[in-house]
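A.B. asks: quick one: sequence plus predicted model below, questions after.
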Amino acid sequence: MVILSKAAIEQFSYVRNKQAAALFPPLIPTVDLSKPDSKHHIIKACEEFGFFKVINHGVPMEFISRLESEATKFFSLPLSEKDKTGQPKPYGYGNKRIGSNGDVGWVEYLLLTANQDPNLATENPENFRDALNNYMAAVKKMACEILERVADGLKIQPRNVLSKLMMDEQSDSVFRLNHYPPCPDVVQSLNGNVIGFGEHTDPQIISVLRSNNTSGLQISLKDGSWISVPPDHHSFFINVGDSLQVMTNGRFKSVKHRVLANSIKSRLSMIYFCGPPLREKIAPLPSLMRGDQQSLYKEFTWFEYKRSAYNSRLADNRLMHFENIAAS
Ligand SMILES: C=C1C[C@]23C[C@@]1(O)CC[C@H]2[C@@]12CC[C@H](O)[C@@](C)(C(=O)O1)[C@H]2[C@@H]3C(=O)O
Ligand SMILES: O=C(O)CCC(=O)C(=O)O
Ligand SMILES: [Fe+2]
């Protein structure tokens, strides 16, 4: 067996990445929320990538930094302290295991409901809770604005047809803090990749992601190739989720994404998943359906979709079970 030196391994992964970058230059669409015409850019990005970056978002940097510092303090606690939060069922503190169907990754996380006061079992959780509430309120407002611009861009009325789902008191939104510690195995693995969070699509309407300046997030393009998303700690990234794919009858595609672990730097990300109320029917918006166009999906509620999603593995195609075969 040939044993490769570390330098040789690095050379391999450099060549691979260089080729990928040459073929697929970084082309993440950026939307400036301060621009009145941003709705057109949002629609284009949702159609082409199911993903875009948001600048001039209006979320105070102070809220972001405070939450980052509280989250860093939380993840620095001894494991026994973090475990007091309780295992994720689905909410709680999780370490390496993602969901309950056998997925694992180089990650620890805190998963919380976004609509109730977070249940934090640490000593003096007041500052953390306060930072979470301020951050979530500001991000929710921005997500609402984005969904209203989506409605405007799609020329559908009323403009809160999508945003009202996540603004509903009973919306089933989720908040997640992910911490990816530096991973020593990255340099030892042959292709230089260790999975932090395996490939998947998010089940909700949209997800609003912010991370520190450590790379790792990748999105899959329509041709199946992966591109790295350059980190930007001042900006947010929006993922189209499965529910929005259905509501647009497939015009927008939920973006497949994953996170690769980093050998040197830790990554901290915070994601707000905008979910509808459990009772909500998830179906194509009638005003988007032309003539005799049929729904690509059978009718289902968010409760039904969520139940099915939480019984699936990360990489599964969750919408497959809800496709309307008669329409294809
Ligand atoms: C493996 C799983 C984790 C997940 C529930 C699931 O069974 C399949 C969907 C996963 C996902 C991906 C996006 C979000 O991070 C998440 C909270 C969600 O709503 O769906 C996770 C779920 C989880 O970690 O519990
Ligand atoms: O941590 C990240 O940057 C992304 C994680 C993710 O996709 C998720 O939690 O659903
Ligand atoms: Fe995700």
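C.D. replies: Cool, got the structure. Ligands and ions are numbered 1, 2, ... in the order given.
A.B. asks: now the strands for the stretch 1-150 of the chain?
C.D. replies: Per DSSP state E, counting those that start in this stretch, the stretch 1-150 of the chain carries strands over the ranges 30-32, 51-55, 92-98, 103-113.
A.B. asks: how close does the closest residue in space to residue 61 that isn't next to it in sequence get to ligand 1?
C.D. replies: Spatial nearest neighbour of residue 61, excluding adjacent residues (Cβ to Cβ, 6 or more residues apart in numbering): residue 234 at 7.3 Å. For every residue, glycine as well, the C-beta is placed using N, CA and C. In this view, residue 234 and ligand 1 are 23 Å apart by Cβ to the nearest ligand atom, to the nearest Å.
A.B. asks: can you tell me the SS state at residue 234?
C.D. replies: Secondary structure, DSSP: H, G, I helix; E, B strand; the rest coil: residue 234 is coil.
A.B. asks: same question for the one 3 residues further on.
C.D. replies: The three-state label for residue 237, taken from three-state DSSP, comes out as strand.
A.B. asks: surely it and residue 218 touch.
C.D. replies: No. At 11.7 Å, residue 237 does not count as touching residue 218 under the criterion of Cβ atoms under 8 Å.
A.B. asks: so between the two, which is more surrounded?
C.D. replies: Set side by side, residue 237 and residue 218 show more neighbours around residue 237, with 23 against 17, by other Cβ atoms under 10 Å.
A.B. asks: how close does the closest residue in space to that one that isn't next to it in sequence sit to ligand 2?
C.D. replies: In this structure, residue 237 finds its nearest non-sequential neighbour in residue 209, 4.5 Å apart by Cβ to Cβ, 6+ apart. Shown here: residue 209 relative to ligand 2, a distance of 6 Å by Cβ to the nearest ligand atom.
A.B. asks: cool, and residue 236?
C.D. replies: Relative to ligand 2, and taking Cβ to the nearest ligand atom, residue 236 is found at 12 Å.
A.B. asks: use 284 as the first number for this chain going forward.
C.D. replies: Done: numbering now begins at 284, and the last item shifts to residue 519.
A.B. asks: give me the number of residues near that residue?
C.D. replies: A count of neighbours around residue 519, defined by other Cβ under 10 Å, yields 25.
A.B. asks: dig out what the nearest residue to it once chain neighbours are set aside forms beta bridges with.
C.D. replies: With sequence-adjacent residues excluded and distances taken as Cβ to Cβ, 6+ apart, residue 519 is closest to residue 337, at 4.5 Å. Counting by DSSP bridges, residue 337 is bridged to residue 314, residue 519.
A.B. asks: look up how far ligand 2 lies from the closest residue to residue 566 other than its chain neighbours.
C.D. replies: The shortest distance from residue 566 to any non-neighbouring residue, by Cβ to Cβ, 6+ apart, is to residue 582 (5.3 Å). Plainly put, residue 582 is 26 Å away from ligand 2 if you go by Cβ to the nearest ligand atom.
A.B. asks: didn't the residue nearest to residue 520 look like it was pressed against residue 499?
C.D. replies: No. Residue 492 is not in contact with residue 499 according to Cβ under 8 Å; the separation is 11.5 Å.
A.B. asks: can you pull out the helices in this protein?
C.D. replies: Using DSSP state H, the helices of the chain run over residues 289-306, 321-331, 344-359, 362-365, 409-436, 446-450, 468-471, 525-530, 585-592.
A.B. asks: ok, and what's touching the second one?
C.D. replies: Among residues not part of helix 321-331, those counted as contacts by Cβ atoms under 8 Å, 6 or more residues apart in numbering are 312, 314-315, 334-335, 429, 432-433, 435-437, 505, 523, 527, 531, 534-536.
A.B. asks: before we move on, back to that, residues near the residue nearest to residue 520, how many?
C.D. replies: By the measure other Cβ under 10 Å, the count of residues near residue 492 is 24.
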